[in-house]
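Asker: Here is my input; please provide its structure:
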Amino acid sequence: MQARQALTDIQFLLTEVLQAPARWQALAPFADTDGELAAQVLDEAAKFVDSAVAPLQRSGDEEGCRFDAGQVHTPAGFRDAYQAFWQAGWPSLSCAPEDGGQGLPAVLECVLFEWLAGANHGWTMAPGLLHGAYECIKHHASDALKAQYLEKVATGEWLATMCLTEAHAGSDLGLVRTRGVPQPDGSARVNGSKIFISGGEHDLTDNIVHLVLARLPDAPAGPKGLSLFLVPKVLPDGSRNAVVCERIEEKMGLHGSPTCVMRFDDATGWLVGEPNKGLNAMFVMMNAARLHVGLQGIGLLEAAWQKASAYAAERRQMRAPGAKDTSLIHDHPAIRRILHTQRAWIDGGRVLAYHTALQLDVAKHSTDAGERAAAQRWCALVTPVLKAALTTEGFHGASACLQVFGGHGYVREWGIEQIVRDARVAMIYEGTNEIQAIDLLVRKVLADGGQGLAALLTTLPGTAPSPAASARRHALVEITQTLAIAAQSDAELPYWVADDYLRAVALVLLDWAWCQIGAASHGERWNAPAQALTQWVLPEFDMRAAILRQRIAQSLEIKNKLAASA
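Answerer: Model (predicted):
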């Protein structure tokens, strides 16, 4: 992906559609960050991505990472690119100045990491967790730990990991067995094994800060007995900690990123946050990561679209309807349908993700309690939708873009097959998309009977919805209300329909995003994807609504039969 190719579109979405500079300047920390400064930052970011990171995409995939007796060697050029990255200050864009950061709005960091993922997803895995680790340490670690580690993580001089998963536990963190035993000096001895640890060992930085979920000796069973420990690769005295990489996984994609099996053998660590409340601290990290994973979906889809669009504009094949000679494949309606449909997802997805990043800053910095509450509601409800919907489209949309190439797309030469392979994992990590759907419906929406979602839909900012968009919003609220009633007597129902529900919410939000684009755009650039949204994307809502209504009706029918026979 070429970041500079996407820069004009993104500047338009930020300045004209979202009015982002005015919105962040209303918050005290960003009062001096005008649109011109933000444009300069993004211009320099695009240059760095295109010149330092994108050229390593194919070579990193082909060479992969090499494991040698506990040491991990990343592909040629990866370390030099990462050292240039952190020394130029890119990891610290949105970190606080007092922590070594630049204090810029979160949305600028989001754009940067979207570009990085599209340019080289494997390389981007290394700094991908930095901001979440920074927030976790900043808000939960002791002053002593902050003094030792916060600035190093904020600046990216040291990379960080999130060590949750264990082989027997998978997504069920309540089964974690890793132990942390307190020591007289205030440290802890950490013992256990973790799997699927991205960047658990590498040669990009001199130290790695592991944030590890483990149990204290007297901890209760289940997720309420988990604590969080900071366990560095290298201890403050310069000695190597008892943290061992046992192997790296052979994966479908992301060959440039080492996915490690890690063993902690009486490793020295320190408690982060309160005992038995490790998930509270870890979720700060995970929620930050989930927005970035959604942005990975956009970045990878943009990369696939750029390749497919360029190929379609050069390759001639058969005659398009009405043509006298062999046509560019871009002139064939089937190809235009693919390209315009994916463009609709990219553009609308960007509006949703960037608006969410702006809301994160409002939730942190607004002096208005009502604004903070509304921003927090948006982030809580929309983040799982973005993570699931955008990564799903990132993979399936990249596969659709591969189709533009025909057989050439299935071979390595054109690079599109790597994007498809790399994109697949985003649907799995940071909580599978099924878990995101359950989180949205069971924990977020039904917990208050759907009132929060209804409030969000009735207070969506910007241009008034079209009659069709308004009808979809009303339908979603009505479905939510009946679902809440049916779920009272059918505990399994929400779990059956969570995926369909999340998809329906995503389509309503995507419609809102395009309504804002339509109100601001005046050029032909936006017409074709807007039409594709109406013709090929939004009709899916009716299908999802029908599935939901049918399943709810079945549940209520069973309930009535049981009541009649009682």
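Asker: hmm, who's touching stretch 220-228?
Answerer: The contact list for stretch 220-228 (CB atoms under 8 Å, 6 or more residues apart in numbering) reads 136, 140, 173-174, 176, 180, 211-216, 219, 271-273, 275-279, 281-282. Placement of C-beta: from N, CA and C, glycine included.
Asker: Please, where are all the strands along the stretch 101-250 of the chain?
Answerer: If DSSP state E, counting those that start in this stretch is used as the criterion, the strands of the stretch 101-250 of the chain fall at 159-163, 179-182, 188-198, 208-214, 227-232, 243-248.
Asker: Put together CSV for those, with distance to residue 399 and mean neighbour count on each row.
Answerer: Shown next, in CSV, are these (distance: least, CB to CB, whole Å; neighbours: other CB atoms under 10 Å):
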stretch, distance to residue 399, mean neighbour count
strand 159-163, 28, 26
strand 179-182, 43, 19
strand 188-198, 23, 21
strand 208-214, 34, 26
strand 227-232, 37, 26
strand 243-248, 26, 19
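Asker: can you tell which of the ones you listed is closest to residue 384?
Answerer: Nearest of these to residue 384, taken as CB to CB: strand 159-163 at 17.5 Å.
Asker: where are the low-confidence patches of the stretch 201-350 of the chain?
Answerer: The stretch 201-350 of the chain contains residues with pLDDT under 70 at 284-288.
Asker: all helices for it, in order.
Answerer: In order along the chain, the stretch 201-350 of the chain carries the following helices (DSSP state H, counting those that start in this stretch): 278-312, 333-365.
Asker: Pull out the buried positions in the shortest one.
Answerer: This means helix 333-365. Buried residues in helix 333-365, counted by 16 or more other CB atoms under 10 Å: 335-336, 338-363, 365.
Asker: next one: stretch 17-37
Answerer: Buried residues in stretch 17-37 (16+ other CB under 10 Å): 17-21, 23-24, 26-27, 29-30, 33, 35.
Asker: Show me the residues you listed that map onto helices.
Answerer: Within the buried residues of stretch 17-37, residues falling in helices by DSSP state H are 20, 21, 23, 24, 35.
Asker: how about the nearest residue to the first one once chain neighbours are set aside, what does it touch?
Answerer: Counting by CB to CB, 6 or more residues apart in numbering, residue 20 lies nearest to residue 14, which is 4.4 Å off, once chain neighbours are set aside. For residue 14, the contact set (CB under 8 Å, 6+ apart) comprises 20, 21, 38, 107, 111, 354.
Asker: quick one: contacts for the nearest residue to residue 265 once chain neighbours are set aside?
Answerer: Among residues not flanking residue 265 along the chain, residue 242 sits closest, at 4.4 Å (CB to CB, 6+ apart). Neighbouring residues of residue 242 by CB under 8 Å, 6+ apart: 264, 265, 266, 267, 268.
Asker: wait, doesn't the second one sit right on residue 191?
Answerer: Yes: here residue 265 reaches residue 191: they are 6.6 Å apart, a contact under CB atoms under 8 Å.
Asker: if we can go back for a sec, so which of the strands of the stretch 101-250 of the chain comes closest to residue 385?
Answerer: Nearest of those (CB to CB): strand 159-163, 21.7 Å.
Asker: So what are the sheet partners of that closest one and their directions?
Answerer: Next to strand 159-163 in the sheet, as set by DSSP bridges, lie strand 208-214 (parallel).
Asker: Can you check the pLDDT for the closest residue to residue 435 other than its chain neighbours?
Answerer: Nearest in space to residue 435, with sequence neighbours left out and distances taken as CB to CB, 6+ apart, is residue 171 at 6.2 Å. We have a pLDDT of 78 for residue 171.
Asker: And for residue 553?
Answerer: At residue 553, pLDDT is 94.
Asker: so what does the helix or strand encompassing it touch, helix or strand wise?
Answerer: In the assignment (DSSP states H and E), residue 553 maps to helix 539-565. Contacts defined by 3 or more CB pairs under 8 Å, 6 or more residues apart in numbering; DSSP states H and E place helix 539-565 against helix 467-487, helix 493-520.
Asker: rewinding a little: just the buried residues from the contacts of residue 242, in ChimeraX please.
Answerer: A single ChimeraX command selects the buried members of the contacts of residue 242 (16+ other CB under 10 Å):
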select :264,267,268
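Asker: Among the contacts of residue 242, which ones are in strands?
Answerer: 264, 265, 266, 267, 268 (DSSP state E).
Asker: ok, back up a step: dump the ones in helices among the buried residues of stretch 17-37 to TSV, plus pLDDT and distance to residue 481.
Answerer: Rendered in TSV, the data for these read as follows (pLDDT from 0 to 100; distance: CB to CB, whole Å):
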residue	pLDDT	distance to residue 481
20	98	34
21	98	39
23	97	32
24	97	36
35	95	42
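Asker: what's stretch 146-156 in contact with?
Answerer: Counting by CB under 8 Å, 6+ apart, 85-86, 89-92, 95-96, 99-101, 127, 130, 133-134, 137-138, 141, 157-158, 160, 205, 207, 209, 230, 232, 236 sit against stretch 146-156.
Asker: List only buried entries from those residues.
Answerer: 85-86, 90-92, 95, 99-101, 127, 130, 133-134, 137-138, 141, 157-158, 160, 205, 207, 209, 230, 232.
Asker: I'd like to know which of these are part of helices.
Answerer: Residues of those located in helices (DSSP H): 85, 86, 130, 133, 134, 137, 138.
Asker: Next one, pLDDT for the residue nearest to residue 549 when sequence neighbours are not counted please.
Answerer: Leaving aside its chain neighbours, residue 549 sits nearest to residue 479 (6.5 Å; criterion: CB to CB, 6+ apart). pLDDT, residue 479: 98.
Asker: Pull the number of nearby residues for residue 479.
Answerer: By the measure other CB atoms under 10 Å, the count of residues near residue 479 is 20.
Asker: Distance of it relative to residue 441?
Answerer: Distance of residue 479 to residue 441, computed by CB to CB, to the nearest Å: 11 Å.
Asker: Overlap of the contact sets of the two?
Answerer: residue 501.
Asker: In contact with residue 158, which residues?
Answerer: 149, 152, 205, 206, 207, 208, 209 are the contacts of residue 158 under CB under 8 Å, 6+ apart.
Asker: Kindly state the beta-bridge partners for the last one.
Answerer: Residues found in beta-bridge contact with residue 209 (criterion: DSSP bridges) are residue 160, residue 232.
Asker: and residue 506, what does it touch?
Answerer: Residue 506 makes contacts with 385, 388, 389, as judged by CB under 8 Å, 6+ apart.
Asker: could you list every residue that touches residue 165?
Answerer: Residue 165 is in contact with 171, 194, 195, 196, 197, counting by CB under 8 Å, 6+ apart.
Asker: could those residues go into CSV alongside distance to residue 123?
Answerer: Shown next, in CSV, are the contacts of residue 165 (distance: CB to CB, whole Å):
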residue, distance to residue 123
171, 26
194, 22
195, 22
196, 18
197, 17
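Asker: Lowest-confidence member of those, which is it?
Answerer: residue 171 (78).
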